[in-house]
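Colleague: Here you go, sequence then predicted model.
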Number of protein chains: 4
Amino acid sequence: MSLFQKYLNLRLRTVELCKHISPEDCNLQADDFVSPPKWHLAHTTWFFEEFILKPKKGYKVFNDNFSFLFNSYYNTIGERVPRNRRGMITRPFFDEILQYRAHVDEAIINLEDKLSNEDKTLLELGLNHEEQHQELLVTDMKYNFSFNPTYPKFTVDCKENITESHEKNWIKITKGIYKIGHQNDGFCFDNELGVHSVFVHDYEISNKLITNKEYLSFIENGGYENFNLWLDEGWAWVKDSNAEMPLYWKKIEGDYKYFTTNGLKNIEWDAPVCHINYYEASAFAEWKKMRLPTEFEWEIASGKLNFGLRWEWTNSAYLAYPNFNKEPGAVGEYNGKFMINQMVLRGSSIGTPENHSRSTYRNFFHPSGQWQFSGLRLVQK
Amino acid sequence: MSLFQKYLNLRLRTVELCKHISPEDCNLQADDFVSPPKWHLAHTTWFFEEFILKPKKGYKVFNDNFSFLFNSYYNTIGERVPRNRRGMITRPFFDEILQYRAHVDEAIINLEDKLSNEDKTLLELGLNHEEQHQELLVTDMKYNFSFNPTYPKFTVDCKENITESHEKNWIKITKGIYKIGHQNDGFCFDNELGVHSVFVHDYEISNKLITNKEYLSFIENGGYENFNLWLDEGWAWVKDSNAEMPLYWKKIEGDYKYFTTNGLKNIEWDAPVCHINYYEASAFAEWKKMRLPTEFEWEIASGKLNFGLRWEWTNSAYLAYPNFNKEPGAVGEYNGKFMINQMVLRGSSIGTPENHSRSTYRNFFHPSGQWQFSGLRLVQK
Amino acid sequence: MSLFQKYLNLRLRTVELCKHISPEDCNLQADDFVSPPKWHLAHTTWFFEEFILKPKKGYKVFNDNFSFLFNSYYNTIGERVPRNRRGMITRPFFDEILQYRAHVDEAIINLEDKLSNEDKTLLELGLNHEEQHQELLVTDMKYNFSFNPTYPKFTVDCKENITESHEKNWIKITKGIYKIGHQNDGFCFDNELGVHSVFVHDYEISNKLITNKEYLSFIENGGYENFNLWLDEGWAWVKDSNAEMPLYWKKIEGDYKYFTTNGLKNIEWDAPVCHINYYEASAFAEWKKMRLPTEFEWEIASGKLNFGLRWEWTNSAYLAYPNFNKEPGAVGEYNGKFMINQMVLRGSSIGTPENHSRSTYRNFFHPSGQWQFSGLRLVQK
Amino acid sequence: MSLFQKYLNLRLRTVELCKHISPEDCNLQADDFVSPPKWHLAHTTWFFEEFILKPKKGYKVFNDNFSFLFNSYYNTIGERVPRNRRGMITRPFFDEILQYRAHVDEAIINLEDKLSNEDKTLLELGLNHEEQHQELLVTDMKYNFSFNPTYPKFTVDCKENITESHEKNWIKITKGIYKIGHQNDGFCFDNELGVHSVFVHDYEISNKLITNKEYLSFIENGGYENFNLWLDEGWAWVKDSNAEMPLYWKKIEGDYKYFTTNGLKNIEWDAPVCHINYYEASAFAEWKKMRLPTEFEWEIASGKLNFGLRWEWTNSAYLAYPNFNKEPGAVGEYNGKFMINQMVLRGSSIGTPENHSRSTYRNFFHPSGQWQFSGLRLVQK
């Protein structure tokens, strides 16, 4: 598949994801850390316009306001709508954003023969950027809808209850020096670069994610009431938020239910637990007298793991690899500046676009974040 | 005009006010103290359903969720969507709310012969309630759109720049005992009842509202920089909000502009100043070495005032009249429970529905509120 | 007693009030709205120095930093320590503040023959100012100590449990025009000036304050659980603060106890209820199907009331009398700028210095304030 | 020196540190994250009483309230005074705390022959715990006094301006596997245990800390205005706090001054920069196009470093070593539960007690913390 075919398919898929999202839904923003669907549609387009098209002679900007309206966090590009006010931008309308997408898509396609190597790099970055937003579009919308007591549905295929069918087993890894980081020619983000060696000791990692059933056992054994299992900030989070179960679990007339992208469902007990934050993952591991893998242990074992249902919390803080280099200009703001107070998640989830996944991928969120499709895998102590 | 004709006209007008509000706009809620247009459309309908239709045998509730979704603040009725989450209710959609309105309207019309006197009282209350929300619908939407840097328009007729053409004059009122409160047979709210006497001393009240031009002079003479003119909490408000001019005034490249319901405009200097809060009204009066009227002084003089362009801040706190009685049940929550920390505004504004105005009307807002069409009139000290 | 004798007695009494307050206690500040004892000692002294001594030729300022350190809220005088940081000023020490008091006292006494009339007015204002701070010194310290689980004592004579021994009765007042405001030659604050007439209707006011026993009955009848009795902001206060009883009541092993200035005590059930805020007073009155008096009704009846045990919440907002005039300069900041969002309390309390009380006195606090010796008296509806 | 001699010397030193802190100063708490001197004196004593003395038959608790009053964060032990209310505990007085110390010291000394091995371990832990609080006592007090505009002094010997006299040089470390963690018989905290191997690549680390002069150059070259140098949360911190220079630097009439434990001083430009947080350290490194060492790189090079003037920010998050084990009971709450959202600092500072320092020591603070004696050392990229 050519780069342009890939471009068109991928761009189409983003719109497809909004198939069940009405114009009324498209500006929903329930909290600072989520964005409205329309904003995702526009911002991903803005990326191509800003970084690839604008520098081109003859390109006609679709709308001068959009640079201000749909910049996310690039200080290099300039001022922008405050993050917590994205939901206020009901105008331009959904339709106009679709036109904006068409305008930019056409301009990109017309570049066909004029793409420099740098352009190609930026185009690929833009596609991977859009894939990230495809997943965020789903998780953000799920979060937004969770404040509506009518439990709206917005995707038809709910893969959230898929289970892992293989037997539980411990994979043994022998101590030694291993190479970490992206080593082939395929695309990767800058935070995966800088191949380097790490030494790990012997360890055993589970070939299965923790299931809802196992997590229920943690709940029923008083997991949320025993401070001894929790990090200090985790315990403060439990107290402040009155947490008693994963996000989106509801106890209704004695039964546990689960709010999915396809509405309220029974919990599939054999499916991997989902929507837990780092504090919960860490407390669960403590309860099991085991631990989370480091991101290096995870990467080293990844060839033997059947990952892809849940982003997996690791016990590694999101920090720079040796020789990490910020690129000059706005693209340099992509990853590096977030390397503080966040934990690395590895793998991918049922919300991750196909092929947007690899064993060196470093996802990251604050330890309190629950709204991603996040779960956990244990390592024996 | 019969009560039912009035009902239908008024109900239609609410929808008309949303003519330029798209489904995308209809859930906008920029702050806790404003509500989305769709919510106004639904809540006013809920009022008729809850108080008149539900007690009727045979009435089929349109949707069981709506009691929860569209209750505003009636504890008697039960739980409800938190005030600051109204904008999250994108479903039911705008169209369904219009159907809800039609469903309730039909049921009300079909009551024609079966209306008890109590029903008629509630119907009239419901209509006046809806008139209040008509004005809020406009002021809330103006506030919501003010966070969009593209200055959207949503009404065609902008009456905000209407001026008072009469000569400025001082109306003298002689000291004595006057009757206060609603005395005729027409509708009024419970907070206007309890006709009672007050004694006022001689005073002189202006027959004109303060204009933008006069207010500009306050600004240019350092009004927002001189603590001596402000109440202590007013000065704290100036410092915290960096206030320098009325809400919706913008200084753009040296010129003052004004954001109206019809987009960004030049300021009409002879029009009455608008969107000032009590702190600003009070500081302006101090600067002029005059004062605001009490609500009693305003009511006594009202026969000689040509009011109707701006809600006028008075120097009276919103408190109960002697013999004020809360009605039993949910209707009793309408007014009385808000009688603290708010100031009375008298008159009406260019946003007030025709005939929803009388000399005894007591509007009230917190002293920091700016988003109503509020202005001021002075009394000589 | 000469003005200077009065001065010396009164100044001494302030220090006496700190008899049981150690240097360690003297900087306690548990919240923004209370001040440390040392600050009260210094600020009252600062008042005399700033307004009377500094303008005098030859006066040597005790310490140049004190103007910054001990100004309360006078913008006219200049910058100052932020209100919530007063407890940080452990240096200068307690002893130095006592020297400061001696220095200023000596300078004031030496003025004996040189006092202008304006000086005398300021001196009298300063003494009344200090009397106000004497009461605050006690109520603030009680509040500060309430965060210490060992229930410290700091006054020996605890008058908090004094009861009213007379029979309960309703005093009837006939409707008519009455004069309000300070009418004799004695001292009063500017907010009592501007004698004016008000008309009141017939009313009956209790000759007794509500007792702890009556208030207990309100509690036991679900007063704190019935939203119908509360103002909207009052109900929000109940929910946010988990209020279940007056401030300083403690339910310990099933018994009610009461934290006094002399440590933890049993509740004297016949004593007037204390430390309730306006929301609680208003809810209690609603429960009794009665109401609070206005400040005018209170003042008119005051000749027949045996007041003095509790500051009594009225149903009047703290606003300017007709013809209220702010004095020029810093003294003008004394009262007028606080005339918003506060309710008037009348009478005086067991914490008020002798003679610092009169029927026209207007005390004022925010409706949520509980830490004054505040109670209530009812009027029949 | 015997354990008991060490005990007595060390206990005495804590009191010595308070030599210039008066009873008035001893309850100062300017923010949640600092504690008052008296609290440090009592809490360190509480540690010995709670963990060693209380389990002993016949030990008479000094005061039953103290377990509640002076517990810091040990949930295992029970409830406690909220962290931000420690400054409220003016009673018991300073003197009583000194008696408490004497009471506990006597009881400890009397244990002489009865000390079990576990007791000895706890005693040593208690001593190291107290050494940590000795440093906090100084840094907290400096912070507390910084809100007093009179710049109080409280230590006589100000070592803050000591400079490093050696030539600047780059120490080369060769790639390889190195052992990390505490390997000898001496005391260490649990977080240093679990000796393990890490692989590091070649690197060059400076033999000198960054000086005030170098940091000034960062400031003067617009370091605090260039978002490109900062982590995203660091830049938010700069904007929110209006940061322009290190904590305690003051620009007074054009000159930089520095608030020390001995009052306001000129800045010693050759001394290592102090009181910067991780964000500032990271931005400075970015500006220099270098980086901070990881805690492993620091430990490996430590034998060649002349450390001890500043705690040195590393680029390592505070996380568990492989095989880290929480001890059972309250002692297990010492370190492990803080392993989130904090960064490791290595070395020690001019505030660290002598001998309370070693190359494996892992100190940790939140990235925004500035009030420790913290500086930075660079690694070449």
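Modeller: Arrived safely. What you see is a predicted model; the values in this text were computed from it and never measured. Residues are numbered from 1 along each chain as shown, chains lettered A, B, ... in the order given.
Colleague: Enumerate every residue touching A:Tyr323.
Modeller: For residue A:323 the amino acid is Asn, not Tyr. Neighbouring residues of A:Asn323 by CB atoms under 8 Å, 6 or more residues apart in numbering or on different chains: A:Leu193, A:Gly194, A:His196, D:Lys381. For the C-beta atoms, the positions are set from N, CA and C on the backbone; glycine is no exception.
Colleague: Do stretch A:264-283 and chain B come into contact?
Modeller: No - using CB under 8 Å from any CB of the partner chain, stretch A:264-283 stays clear of chain B, with a minimum separation of 13.4 Å.
Colleague: Do me a favour and get the end-to-end distance for that stretch?
Modeller: 27 Å (CA to CA, to the nearest Å).
Colleague: That one and chain D, any residue contact?
Modeller: Yes - Stretch A:264-283 reaches chain D (CB under 8 Å from any CB) through A:Tyr278, A:Tyr279, A:Ser282.
Colleague: out of the contacts of A:Asn323, who's nearest chain C?
Modeller: For those, the closest approach to chain C (CB to the nearest CB) belongs to D:Lys381, at 43.3 Å.
Colleague: Looks like that closest one contacts D:Leu292 (just checking).
Modeller: No - at 10.8 Å, D:Lys381 does not count as touching D:Leu292 under the criterion of CB atoms under 8 Å.
Colleague: Comparing these two, which residue is more hemmed in?
Modeller: Comparing D:Lys381 with D:Leu292 by other CB atoms under 10 Å in any protein chain shown, the one with more neighbours is D:Leu292, at 25 against 14.
Colleague: wait, what's in contact with the residue lying closest to that one once chain neighbours are set aside?
Modeller: Distance criterion CB to CB, 6 or more residues apart in numbering or on different chains; nearest residue to D:Leu292, sequence neighbours excluded, is D:Asn315 at 4.1 Å. Each residue near D:Asn315 by CB under 8 Å, 6+ apart is listed here: A:Leu319, A:Ala320, D:Ser282, D:Arg291, D:Leu292, D:Pro293, D:Thr294, D:Met343.
Colleague: nearest to chain B, of those residues?
Modeller: Closest approach between these and chain B, by CB to the nearest CB: D:Ser282, at 31.1 Å.
Colleague: So that closest one lies in a strand, does it not?
Modeller: No - assigned with DSSP: H, G, I helix; E, B strand; the rest coil, D:Ser282 falls outside any strand and is helix.
Colleague: Surely it and D:Trp230 touch.
Modeller: Yes - counting by CB under 8 Å, D:Ser282 touches D:Trp230, with 7.5 Å between them.
Colleague: Once you drop chain neighbours, what's closest to A:Thr74?
Modeller: For residue A:74 the amino acid is Tyr, not Thr. Nearest to A:Tyr74 is A:Ala330, by CB to CB, 6+ apart, at 4.6 Å.
Colleague: what's the neighbour count on that neighbour?
Modeller: A:Ala330: 18 neighbours (other CB under 10 Å).
Colleague: ok, whatever residue of chain A ends up closest to chain C to B:Ile77 distance?
Modeller: Chain A approaches chain C most closely through A:Asn242 (14.4 Å), counting by CB to the nearest CB. Distance, A:Asn242 to B:Ile77, using CB to CB, to the nearest Å: 25 Å.
Colleague: Which positions in the stretch 1-150 of chain A make contact with chain B?
Modeller: A:22-28, A:30, A:65, A:68-69, A:81, A:85, A:87-94, A:144, A:147-150.
Colleague: Mark which of these are buried, thanks.
Modeller: The neighbour count (16 or more other CB atoms under 10 Å in any protein chain shown) marks A:22-28, A:30, A:69, A:81, A:87-94, A:144, A:147-148 as buried among these.
Colleague: Among the contacts of A:Asn323, find me the one that's closest to B:Trp170.
Modeller: B:Trp170 lies nearest to D:Lys381 out of the contacts of A:Asn323, by CB to CB, at 77.4 Å.
Colleague: Find the closest residue to chain D in the stretch 1-150 of chain A.
Modeller: Across the stretch 1-150 of chain A, no residue is closer to chain D than A:Asn75, which sits at 4.4 Å (CB to the nearest CB).
Colleague: show me the contacts for that residue.
Modeller: Residues in contact with A:Asn75 (CB under 8 Å, 6+ apart) are A:Glu333, D:Phe227, D:Asn228, D:Trp235.
Colleague: Mind giving me the PyMOL command for buried ones among the contacts of A:Asn323?
Modeller: PyMOL command restricting the contacts of A:Asn323 to the buried ones, with burial defined by 16+ other CB under 10 Å:
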select buried, chain A and resi 193+194+196
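Colleague: Now the contacts of A:Asn323 in a markdown table, please, with extra columns for distance to chain C.
Modeller: Listed next are those as a markdown table, based on distance: CB to the nearest CB, whole Å:
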| residue | distance to chain C |
| --- | --- |
| A:Leu193 | 49 |
| A:Gly194 | 48 |
| A:His196 | 49 |
| D:Lys381 | 43 |
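Colleague: Go through the contacts of A:Asn323 and flag which are in helices.
Modeller: Assigned to helices by DSSP state H, none of those qualify.
Colleague: In strands, which of the contacts of A:Asn323 fall?
Modeller: Secondary structure defined by DSSP state E assigns A:His196 of these to strands.
Colleague: hang on, A:Phe154 packs against A:Phe145?
Modeller: Yes - assessed by CB under 8 Å, A:Phe154 is found in contact with A:Phe145 at 6.6 Å.
Colleague: Any idea what the one residue in the stretch 51-200 of chain A that gets nearest to chain D is bridged to?
Modeller: In the stretch 51-200 of chain A, the residue that lies nearest chain D is A:Phe199 (3.9 Å; CB to the nearest CB). With DSSP bridges as the criterion, A:Phe199 is bridged to A:Ile177.
Colleague: ok, now how distant is the residue of chain A closest to chain C from D:Trp311?
Modeller: A:Asn242 is 37 Å from D:Trp311, by CB to CB.
Colleague: now A:Lys265
Modeller: With CB to CB as the criterion, A:Lys265 and D:Trp311 are 51 Å apart.
Colleague: Between these two, which is the more surrounded one?
Modeller: Neighbour tally, A:Lys265 and D:Trp311, criterion other CB under 10 Å: the higher count belongs to D:Trp311, 28 against 14.
Colleague: Pairing partners for that one in the sheet, please.
Modeller: Beta-bridge pairing for D:Trp311 (DSSP bridges): D:Gly347, D:Ser374.
Colleague: re the thing from before, most neighbours, which of the residues of stretch A:264-283 next to chain D?
Modeller: A:Tyr278 (29 neighbours).
Colleague: ok, it touching A:Gln372?
Modeller: No - using CB under 8 Å as the test, A:Tyr278 is too far from A:Gln372 to be in contact (10.9 Å).
Colleague: Need the residues touching each of the two.
Modeller: A:Phe365.
Colleague: Can you give me the pLDDT of A:Ser2?
Modeller: We have a pLDDT of 87 for A:Ser2.
Colleague: Same question for the one 4 residues further on.
Modeller: Per-residue confidence (pLDDT) for A:Lys6: 95.
Colleague: do the same with the one 3 residues further on
Modeller: According to the per-residue confidence, A:Asn9 scores 97 in pLDDT.
Colleague: In three-state terms, label it for me.
Modeller: Under three-state DSSP, A:Asn9 falls in the helix class.
Colleague: contacting residues for it?
Modeller: A:Met1.
Colleague: What's the separation between it and A:Ile21?
Modeller: For A:Asn9, the distance to A:Ile21 equals 20 Å [CB to CB].
Colleague: one step back: any shared contact partners between A:Phe154 and A:Phe145?
Modeller: Common neighbours of A:Phe154 and A:Phe145, counting by CB under 8 Å, 6+ apart, are A:Asp25.
Colleague: about what we covered before: close enough to count as contact, the residue of the stretch 51-200 of chain A closest to chain D and A:Lys175?
Modeller: Yes - here A:Phe199 reaches A:Lys175: they are 7.4 Å apart, a contact under CB under 8 Å.
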